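Chemist: Output the structure for:
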Amino acid sequence: MKLLITLIGLILVLEGLPYAASPESMQRWLRQILDMDPKQLRRVGLTAMAIGFVLCYLAQKSGLFE
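Modeler: Numbering: from 1, shown residues only. As a prediction, this is how the structure comes out:
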């Protein structure tokens, strides 16, 4: 449970960082997202998830990050 709470905290820090560092750029970026095709957004999301799963797998199963 401690690891889960730590991971959620880390995600919130990483998600909030661009908004705190450069809010004007984030507003422009979010406007561009509104203009994107939903299918393209879905592909980007699925790609990000796949990369995340691969990184989690590598971290847990291989000695790559030890």
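Chemist: CA atoms for contacts and neighbours, from now on please.
Modeler: Fine.
Chemist: for the protein, which spans come out with low pLDDT?
Modeler: Residues of the chain meeting the criterion pLDDT under 70: 63-66.
Chemist: How many residues are close by Asn41?
Modeler: Careful, residue 41 is Leu; it's not Asn. Neighbour count of Leu41, defined by other Cα atoms under 10 Å: 13.
Chemist: so which helix or strand takes in the closest residue in space to it that isn't next to it in sequence?
Modeler: Distances taken as Cα to Cα, 6 or more residues apart in numbering put Ile33 closest to Leu41, at 7.9 Å, once the chain neighbours are dropped. Assigned by DSSP states H and E, Ile33 belongs to helix 23-35.
Chemist: Go through the next helix or strand after that helix and flag the buried ones.
Modeler: Using DSSP H and E, the helix or strand that follows helix 23-35 towards the C-terminus is helix 38-61. Within helix 38-61, not a single residue qualifies as buried, counting by 16 or more other Cα atoms under 10 Å.
Chemist: Break the protein into its domains for me.
Modeler: If you go by automatic domain parsing, the domain ranges for the chain are 1-35, 37-66.
Chemist: any idea how far the longest one is from the chain center?
Modeler: Relative to its chain's centre, domain 1-35 lies at 8 Å (Cα atoms, centre = their mean, to the nearest Å).
Chemist: Report the separation between the two terminal residues of that domain.
Modeler: 39 Å (Cα to Cα, to the nearest Å).
Chemist: circling back: contacts for the helix holding Ile33, please.
Modeler: 18-19, 41 (Cα atoms under 8 Å, 6 or more residues apart in numbering).
Chemist: would you list those residues in TSV and tack on distance to Leu4?
Modeler: Shown next, in TSV, are these (distance: Cα to Cα, whole Å):
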residue	distance to Leu4
Pro18	23
Tyr19	24
Leu41	27
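Chemist: out of those residues, who's nearest Lys61?
Modeler: Among the contacts of helix 23-35, Leu41 lies closest to Lys61 (Cα to Cα), at 30.0 Å.
Chemist: okay, the angle between the helix or strand harbouring Gly16 and helix 23-35?
Modeler: Assessed by DSSP H and E, Gly16 sits inside helix 2-21. Here the directions of helix 2-21 and helix 23-35 differ by 100 degrees (axes from the mean of the first three to the mean of the last three Cα atoms, to 10 degrees).
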